Structures are given as C-alpha cells and as structure tokens.
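Asks: With the input below, show me the fold.
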Amino acid sequence: LQEYHPIFNAFKCVIFFGCYNIVDYLRVLFHRGKRTIFWCGGDILALKKSLWRYIIPRLKARHICEHSVEESVLRDLGIKAEIHPMIFDVPIVKNSYIAQDKIHVYMCVHLGREKEYGIDTVERLSTIKELEGYIFHIYGIEKEDTWNIRYHGKVSPEKFAYDIEHYHCGLRLNEFEGLSEVTARSVLLAQYPISRMYFPNITYAPDFPSLVKELVGLKNKTKPNLIGQKYWTDKLEQSLNKVLK
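Replies: The predicted structure follows:
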C-alpha cells in the first residue's frame with residue numbers, strides 16, 4: 001500500500017489503520033475520498049472517552065475490526081463494523097516449533113503501559129512452582145533480568161523475527177485489543193500462542209488460573225501446531241483480500 005498523503009491522496013480510497021488521537025480523527029474527517037477505518041483495539045477504548053464518539057459514527061466510512069468483542073463495542077457507539085482479523089506485516093509461515101524441556105514464552109510491552117500489557121502478571125507467573133524451567137522473554141522495555149525473565153529492550157524487526165523462531169509461545173495479556181502481531185506471528189510459526197482475547201484455534205486464557213493451566217500444558221505440546229497455523233494462514237489471506245476489495 002502507498003503511504004497516505006493528505007493532499008496528494010485526498011480523493012483516493014484510503015485505509016486508516018488505527019484512529020487514536022485528534023490528528024488521526026482530523027485526517028479521517030477532512031479526507032474527501034472513500035474512507036475505511038481499521039480499528040485496532042486501544043483506539044476503540046480511546047474513542048469511547050472522546051467527544052469524537054459523536055462525530056466518527058456520522059461520517060460516511062467503512063469500518064473494520066478483528067473480533068466480535070470489538071464489533072459489539074463499536075456497535076454500542078453507533079458504528080457498524082465488519083470483522084476481518086489482520087497482520088500488518090509480511091507474515092512468516094514456518095514450522096519452527098521444537099519441543100524442549102525448557103519452555104520459552106515471549107511478549108511485547110510498550111514503555112509506560114507495563115500494567116496494561118501484563119508485566120505484573122508475568123512477574124507473578126515467574127514464581128509459580130509448576131512453571132520452573134520456563135523462560136519469559138519480554139521485548140520493548142529494559143529492566144534487570146531475573147533468573148527466568150529476560151528483558152530484551154527494543155530490538156530491530158529482523159532480530160525479533162529471528163529470536164521468536166526459537167521460542168514456543170507468544171503470550172498476550174491485554175484485556176482488550178485486536179489480533180496482536182505477537183499472537184499472529186506465533187501461530188504462523190506453528191507455535192502455541194496464549195491470549196486473553198478469544199480467537200479460533202488460539203489458546204484462550206481469560207484469567208490467572210486458566211493462564212497457569214495453559215502454560216503448564218505447553219510441556220505436553222510435542223508437535224508443531226499445524227492446525228492453528230493452517231487455519232490462520234488461510235484466515236489472514238481471506239481477510240486481506242476482503243479488506244482491500
């Protein structure tokens with residue numbers, strides 16, 4: 001896709017990936033061509049708290065989100081949205097899963113939003129006896145490592161893609177969001193991602209007891225997750241075609 005320019009592309013069909021702040025809202029408002037807004041999760045929560053919730057639903061636009069929970073919230077705001085989960089990168093589809101005695105779990109965290117992304121939960125998980133031998137890899141923030149938590153800080157996309165091929169589970173602990181790239185990348189690598197949001201063929205763990213149970217269960221995953229990989233390879237391709245139609 002071409003990068004958007006508010007003047008040169010003013011009358012073209014444009015997909016706005018995420019709509020988080022006043023700059024995003026104004027770009028949507030003043031665009032003269034066909035509008036498609038792809039809601040990513042956190043932007044829906046931001047809209048609920050903004051006066052723009054009275055304006056955006058009145059604009060002529062196509063709205064897309066990634067699952068039924070988001071669709072329901074948008075509907076309550078007066079926005080009718082289609083459901084098409086997406087990954088905003090060229091996905092790597094590869095059977096990288098190799099069963100090991102030591103389980104490697106990874107997640108991404110934004111600086112200043114550690115609680116939202118579940119750092120406190122991971123620190124709690126790291127003390128669970130049943131999870132001895134697990135290593136938790138956290139990308140995006142820097143902090144002192146512990147015996148079973150590794151803080152990698154910010155790394156290049158290439159470094160991140162290389163690292164995660166050697167892990168087993170992409171962990172996503174946000175309580176409200178779309179299909180994260182951590183979750184999507186993990187399942188496309190035939191791993192066993194775990195999420196607090198429900199998605200077909202992805203392990204769903206909405207609370208702490210179920211999260212512990214599913215993490216412990218990774219010890220019994222001896223083969224690549226080919227069912228999940230096939231489902232999401234096809235699903236994401238279908239979604240892309242529908243979004244760009």
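Asks: Let me see the contact set for the residue nearest to C13 when sequence neighbours are not counted.
Replies: Leaving aside its sequence neighbours, C13 sits nearest to K34 (Cβ to Cβ, 6 or more residues apart in numbering; 4.2 Å). All C-beta spots, glycine's among them, are computed from the backbone N, C-alpha and C. By Cβ atoms under 8 Å, 6 or more residues apart in numbering, the contact list for K34 reads 12-14, 62.
Asks: And the closest residue to L179 other than its chain neighbours, which helix or strand is it part of?
Replies: Residue nearest to L179 in three dimensions, not counting chain neighbours: P85, with 4.2 Å by Cβ to Cβ, 6+ apart. Element membership for P85 (DSSP states H and E) is empty, with no helix or strand holding it.
Asks: Contacts only, for P85.
Replies: With Cβ under 8 Å, 6+ apart as the criterion, the residues that contact P85 are 66-67, 178-179, 184, 199, 235-236, 239.
Asks: Which stretches in this structure count as strands?
Replies: Along the chain, the segments classed as strands by DSSP state E run 14-17, 35-38, 62-65, 81-83, 103-108, 134-139, 149-153, 169-172, 194-195, 203-204.
Asks: Of all those strands, which one is nearest L188?
Replies: Using Cβ to Cβ as the measure, strand 169-172 is the one of those that comes nearest L188, at 9.9 Å.
Asks: what about that closest one, average pLDDT?
Replies: Taken as a whole, strand 169-172 carries a mean pLDDT of 98.
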